[in-house]
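**Q** Build me a model:
(one chain, ligands or ions: 1)
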Amino acid sequence: MIDKKIFGSFIEHIENCIEGGIYDKENINSDESGIRQDVLGLCREMSPSVIRFPGGTVMGIYHWEDYVGPVEGRKKIKNIIWGGQITREFGTAEFINFCDEIGSEPMICINMPTGTAKEAADWVEYCNGTDDTYYANLRRSHGYEEPFNVKYWCIGNESYAEPDLGMQHDVNVYIREAWEYIKYMKLTDPSIELVLVGNAFDMEWNKAVLDAFAPVCDYFSIHFYADGEMPVKQLEEFEETQLYSLEQMLDEYNMRDSKLDRWYRIPGRKREIRLALDEWNIWNPNENEHSKYGLYQEYTWEDAIWTAHFLFMLIRHSEHIGIANLAQLVNVIAPIMTNPDGVWKQTTFYPFMYIRKYCGKEISLGQSPFEESFGRDTVATSDDGRITYFVINSDGNDKYADCILSGFKQISLMASNPSDVNSMSEEKVWVEETDIDKDRILFKPYSINILTENE
Ligand code: AHR
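**A** Just a heads-up that it's a prediction; the model follows:
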């Protein structure tokens, strides 16, 4: 089964992703709650299945109680991690409303560096509590009678990163402290699912974390950013080395009988451990004229083709990958861009939106007429027998495939040049849709193609 949570995204209090992007009280396109309706429209079109929040690295200064209740009472702070300020006006309820408006599942990352297990457990109760208890009642007093039902909770973020706040970069400290969070949060709501911190490049870290947490680890988090230098090569290497070793490692843990002693009083995981690639993208982190950490990126059509390759990889590995989040959603290394006057779609918006829309429930292996000649440039999925083929032509020449696909249509996403970028004033990407009526299928230069049966 392909878990649709692989088509997730991520928002953080970082530069103008949330404030000045999604949320902007002063903007003419915002509703009375401050949410920009033009941004929301594009988010709905792109339709991320799950959205991770509030960080990222910034969660190390995020204390959720300062972001709930009447907006007027919330106090502005300095964003000591990424620069600028956080008004704290976009907090838990605003995030849940935003997800509801899009139809996305919320995924919350708790603060391990400067928070406490109790604080995280109280957040769980605030979101999910249904009893007559303090934090559930606090949510009710803020106008939310029904629980938010947040199922996915990340126990830390890149905790191995020594420059970040907190002491958990020592794996033994991470393990000792994470246990307290896991127990406290699961005792508060046994139905939540947990994402523990892994490191794509440190198998010792991974082994230690899984040795400790295999019985309660629903998802194992891995982040992957290609830095813009030969991203295709980086992606191939990642798939061939890190990803395969991680999968092998998970297979070993999944075969073990790892049950929790009943005196822990919390349930263990219900299914096998899967990966959460809960941050991925192309990101050249060098300073540029807009952003100190390169968080403003203009994505070329070549980057969009890379994005399609990445999504193909997620589909190919869907047996092991249960969640993936394109980092991030708006303005910051993002497919959706804003300025005070309007919004535009980066090139990468298109493959995400179309592949997410047409991806079936299952991967269809060994049945594609394109597999032999297109290799990694193709993948096929099926939905109750209805097959969809995805094919990339990353070359500058036409490519053909001889096969009969009667009753199919071909949707092609294209730009004239790999270096093309979209801007507010100019869309360089276009979409062509044609019925397939020949036995020879043409894949135009630099095109991402979806071949799907007509309804
Ligand atoms: O997505 C930007 C940053 O990249 C996140 O805050 C952090 O988790 C990662 O290093």
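**Q** in the stretch 201-350 of the chain, which spans are helices?
**A** Along the stretch 201-350 of the chain, the stretches classed as helices by DSSP state H, counting those that start in this stretch are 203-213, 231-237, 244-255, 301-316, 349-358.
**Q** what is the rounded mean pLDDT of the third one?
**A** Same thing as helix 244-255. Helix 244-255 shows a mean pLDDT of 97.
**Q** likewise the shortest one?
**A** What helix 231-237 shows for mean pLDDT is 96.
**Q** Start at 349, not 1
**A** Sure thing, new numbering starts at 349, so read that last one as helix 579-585.
**Q** hmm, back to that, for the helices of the stretch 549-698 of the chain, which one sits closest to D379?
**A** helix 697-706 (22.5 Å; CB to CB). From N, CA and C alone the C-beta is placed, and that goes for glycine too.
**Q** Direction included, what does the following helix or strand past the closest one pair against?
**A** Sequence-wise, the next helix or strand downstream of helix 697-706 (DSSP states H and E) is strand 710-711. Strand 710-711 sits in its sheet next to strand 726-731 (antiparallel), going by DSSP bridges.
**Q** Buried residues in the strand it pairs with, which are they?
**A** 726-731 (16 or more other CB atoms under 10 Å).
**Q** what do you get for stretch 409-428?
**A** Judged by neighbour count (16+ other CB under 10 Å), stretch 409-428 contains these buried residues: 409-410, 412, 415-417, 419, 422, 427.
**Q** Is any residue of it near the ligand?
**A** No - counting by CB under 6 Å from any ligand atom, the ligand is not contacted by stretch 409-428; separation bottoms out at 11.4 Å.
**Q** Then stretch 625-636?
**A** Yes - for stretch 625-636, a contact with the ligand is found by CB under 6 Å from any ligand atom, at E627.
**Q** Give me the residues contacting that stretch.
**A** Here stretch 625-636 makes contact (CB atoms under 8 Å, 6 or more residues apart in numbering) with 354, 356, 358, 400, 404, 455, 502, 543, 567, 569-577, 579, 641-645, 647, 651, 654-655, 658, 662, 669, 671-676, 681.
**Q** I'd like to check which residues are in contact with the residue in the stretch 699-803 of the chain positioned nearest to the ligand.
**A** Relative to the ligand, the nearest point of the stretch 699-803 of the chain is F700 (16.1 Å; CB to the nearest ligand atom). Contacts for F700 (CB under 8 Å, 6+ apart) come out as 355, 394, 655, 659, 674, 683.
**Q** Surely the third one and F697 touch.
**A** No - contact between T655 and F697 fails when scored by CB atoms under 8 Å: they sit 9.0 Å apart.
**Q** T464 and the ligand, how far apart?
**A** 21 Å (CB to the nearest ligand atom, to the nearest Å).
**Q** Tell me how many other residues surround that residue.
**A** When neighbours are defined as other CB atoms under 10 Å, T464 has 16 of them.
**Q** Repeat that for the one 4 residues further on.
**A** One way to gauge burial is a neighbour count; for A468, by other CB under 10 Å, it gives 23.
**Q** For the ligand, what's its nearest residue on the stretch 349-498 of the chain.
**A** Closest point on the stretch 349-498 of the chain to the ligand, by CB to the nearest ligand atom, is G404, at 2.8 Å.
**Q** how about the nearest residue to that residue, chain neighbours excluded?
**A** E360 (3.8 Å; CB to CB, 6 or more residues apart in numbering).
**Q** if you compare the helices of the stretch 549-698 of the chain, which one is most tucked away?
**A** helix 649-664 (a mean of 24; mean count of other CB atoms under 10 Å).
**Q** Looking at it now, give me its mean pLDDT.
**A** In the prediction, helix 649-664 has an average pLDDT of 98.
**Q** which helices and strands does that helix pack with?
**A** helix 579-585, strand 622-630, strand 669-675, helix 697-706, strand 726-731, strand 734-741, strand 795-801 (3 or more CB pairs under 8 Å, 6 or more residues apart in numbering; DSSP states H and E).
**Q** who's in contact with Y410?
**A** Contacts of Y410 (CB under 8 Å, 6+ apart): 361, 402-403, 459, 463.
**Q** One more pass at 10 Å, please.
**A** 360-361, 401-404, 425, 429, 434, 436, 439, 456-459, 461-463, 471 (CB atoms under 10 Å, 6 or more residues apart in numbering).
**Q** Buried members of those residues into PyMOL, please.
**A** Applying 16+ other CB under 10 Å to the contacts of Y410, the buried members can be selected in PyMOL as follows:
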select buried, resi 360+361+401+402+403+404+429+434+436+439+456+457+458+459+461+463+471
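**Q** Quick check: strands, which of the contacts of Y410 are part of them?
**A** Residues of those located in strands (DSSP state E): 401, 425, 434, 456-457.
**Q** can you list the residues you listed in JSON lines and add pLDDT and distance to Q596?
**A** Output for these, formatted as JSON lines (pLDDT from 0 to 100; distance: CB to CB, whole Å):
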{"residue": "F401", "pLDDT": "98", "distance to Q596": "32"}
{"residue": "I425", "pLDDT": "97", "distance to Q596": "44"}
{"residue": "I434", "pLDDT": "97", "distance to Q596": "41"}
{"residue": "I456", "pLDDT": "98", "distance to Q596": "30"}
{"residue": "C457", "pLDDT": "98", "distance to Q596": "27"}
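**Q** farthest pair in those?
**A** Greatest spacing in the ones in strands among the contacts of Y410, by CB to CB: I425 and I456 (19.2 Å).
**Q** Next one, pLDDT for the residue of the stretch 649-798 of the chain found nearest the ligand please.
**A** Across the stretch 649-798 of the chain, the shortest distance to the ligand (CB to the nearest ligand atom) belongs to A675, at 4.3 Å. Per-residue confidence (pLDDT) for A675: 98.
**Q** how close does the closest residue to it other than its chain neighbours get to R400?
**A** Nearest residue to A675, sequence neighbours excluded (CB to CB, 6+ apart): E627, at 4.0 Å. Distance of E627 to R400, given as CB to CB, to the nearest Å: 8 Å.
**Q** Common neighbours of the two, please.
**A** 357-358, 360, 505, 569, 673, 675-676.
**Q** Could you verify my assumption that V557 touches V545?
**A** Yes - counting by CB atoms under 10 Å, V545 is a contact partner of V557 at 6.7 Å.
**Q** what's the overlap in contacts for those two?
**A** 503, 507-508, 519, 522, 526, 568-569.
**Q** Strands - which of those residues land there?
**A** Judged by DSSP E, the shared contacts of V557 and V545 include 503, 568-569 as members of strands.
**Q** a markdown table for the residues you listed, including pLDDT?
**A** Formatted as a markdown table, these follow (pLDDT from 0 to 100):
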| residue | pLDDT |
| --- | --- |
| I503 | 98 |
| F568 | 98 |
| S569 | 98 |
